[in-house]
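> I would like to see how this sequence folds:
(one chain, ligands or ions: 1)
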Amino acid sequence: ASYEYILTETPKPGVGLITLNRPKALNALCSPLFQELNDALSKYDQDKDIGAIVITGSEKAFAAGADIKEMAPLTFSSAYSNNFIAPWSHLANNIRKPVIAAVSGYALGGGCELALMCDFIYCTSNATFGQPEIKLGVTPGAGGSQRLTRIIGKSRAMDLILTGKNFSGKEAGEWGVAARVIDGGKEELLAETLKTAETIAGYSHVAVVANKEVVNKSQELSLREGVEYERRLFHALFGSKDQKIGMTAFAEKKKAEWSHE
Ligand code: HXC
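Residues are numbered from 1 along each chain as shown. Have a look, this model is predicted:
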C-alpha cells in the first residue's frame, strides 16, 4: 500500500515497521494519518508472516501530538457527533499482535498517548514525553489520564497532567513508562527495538498473541479472575500444534520449527 503520512517496511523476518512520516508537522497526528496507521496495523495484524509490529517516528519527533490546527475549529457538537478520536482506540482494542513503540524526540499529548497504547516502549534517554493538553484548555483525549496514571501512580500523574510539564526518556525508564532506555540516538534505538521485535516474531505467533492477551487481562480483571483466565488460555494452548512442536523440540534438543498453528 502507498501511504502519504506513514512508511511501512519489513526490515527483519516477521517484523512490520511503521514509521510516522509527516516531518513538516513533527508527525502531528491528523485524522488521515491515523486512518493510514490503523490500516497498516490491521494489515500487519492479519498477515500470517508478521509476528510483531514496531511504531516509530523521526529522530526529532515520535509525534508532537494530535493536530492542533485540525482541532482548533471543532465544536462540542461536531466532536461528539463524529466521535472524534474514537478511531485511535483501534490499536488498543483490536490489534492482537505485539506493538512496540520506539520513541525518539517528542512524544507529546496524543503522541505520548499513542506510545502508551503500544504494548511497551523503548526510548532514547533524551526523548521528551508529556501531556501538555492543559495548556490548550483541554484534557488528554486518547487515554493519557488513564494509562499514564496506572503506570506512574496518581501523584506523579497529577503533577504532570496539571502542570503540563514534560518528562524525559530517562525518567520514563525510571518510572516504568518505558521498558528500556537505549543509549544513543534514533538509529541505536531502532536497532535495539527491531532486535526485540525479531525475537518475539521468532516464537509461535499463536503463543505470542496469547501471551499479549493474558498480560492485558491483568489490567482489566481482579487477580483471581486474571489468574483463572490465564490458566484457561494455558490449557487452550495444549490444543495448538506449536505446543507439541515446542515441547518436543526441547526434549530432542532441537530448535523449534514453528507452524504458527
Ligand atoms: C499541529 C504541529 C504540532 C501539533 C508541531 N506542529 N506540533 N502542528 N499540531 N501538535 C507544527 C508546528 O506548527 C510547525 O509548523 C512545525 O510543526 C514545527 O514545529 P515548531 O513548533 O516550529 O518546532 P519546535 O520549535 O522545534 O518545537 C517543537 C514542539 C512544538 C515543542 C514539539 O512544536 C510544540 O509545542 N508542539 C505542540 C505540542 C503539543 O501541545 N502537543 C499536544 C497537542 S494536544 P509550521 O507550519 O509553523 O512550520 C493533543 C491532544 C490529544 O495531542 C488528545 C486526543 C488525542
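
> the residue most central in space within the chain and D47, how far apart?
Nearest to the geometric centre of the chain sits C118, at 1.5 Å (C-alpha atoms, centre = their mean). Relative to D47, C118 is positioned 18 Å away (C-beta to C-beta, to the nearest Å). Every C-beta, even on glycine, is put in place using the N, C-alpha and C of the backbone.

> what does D183 give?
According to C-beta to C-beta, D183 stands 32 Å off from D47.

> higher neighbour count, those two?
More neighbours surround D47 than the other of D183 and D47, with 14 against 9 (other C-beta atoms under 10 Å).

> tell me the pLDDT at that one?
Here the pLDDT value assigned to D47 is 97.

> mind splitting the protein into its structural domains?
Annotated domains of the chain cover 6-201, 205-251 [automatic domain parsing].

> on that earlier part again, the residue nearest to the centre of the chain - nearest residue in space that isn't next to it in sequence?
Spatially, and ignoring its direct neighbours in sequence, C118 is nearest to A101 (3.9 Å; C-beta to C-beta, 6 or more residues apart in numbering).

> give the helix, strand or coil label for that neighbour.
At A101 the chain is in strand, as set by DSSP: H, G, I helix; E, B strand; the rest coil.

> what's the neighbour count on it?
That count, for A101 with other C-beta under 10 Å as the rule, works out to 26.

> now swap in G65 and tell me
For G65, the tally of surrounding residues (other C-beta under 10 Å) stands at 27.

> G184 reaches T124, doesn't it?
Yes: the pair G184 / T124 is scored as a contact, 6.9 Å apart, by C-beta atoms under 8 Å.

> so which of these two has more stuff around it?
T124 (25 against 13).

> need the residues of this structure near the ligand, please.
Neighbours of the ligand within the chain, by C-beta under 6 Å from any ligand atom: 25-26, 28, 64-69, 85, 106, 108-110, 113, 132-133, 136, 140-142.

> ok, 5 Å please
Contact residues, the chain versus the ligand (C-beta under 5 Å from any ligand atom): 25-26, 28, 64-69, 85, 106, 108-110, 132, 141-142.

> quick one: buried ones out of these?
The neighbour count (16 or more other C-beta atoms under 10 Å) marks 25-26, 28, 64-67, 85, 106, 108-110, 132, 141-142 as buried among the residues of the chain next to the ligand.

> circling back to that earlier point, partners of the residue nearest to C118 in the sheet?
Bridge pairing for A101 (DSSP bridges) gives the partners I55, I121.

> re earlier: would you turn the domains of the chain into a markdown table with distance to S259?
Compiled in a markdown table, those are given as follows (distance: least, C-beta to C-beta, whole Å):
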| stretch | distance to S259 |
| --- | --- |
| domain 6-201 | 11 |
| domain 205-251 | 5 |
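
> just say which of these is most tucked in.
Among these, ranked by average contacts under mean count of other C-beta atoms under 10 Å, first place goes to domain 6-201 (a mean of 19).

> got the end-to-end distance for that one?
End-to-end distance of domain 6-201 (C-alpha to C-alpha, to the nearest Å): 22 Å.

> swap in stretch 178-193?
The straight-line separation of the ends of stretch 178-193 (C-alpha to C-alpha) is 12 Å.

> I'm done for today, thanks for sticking with me.
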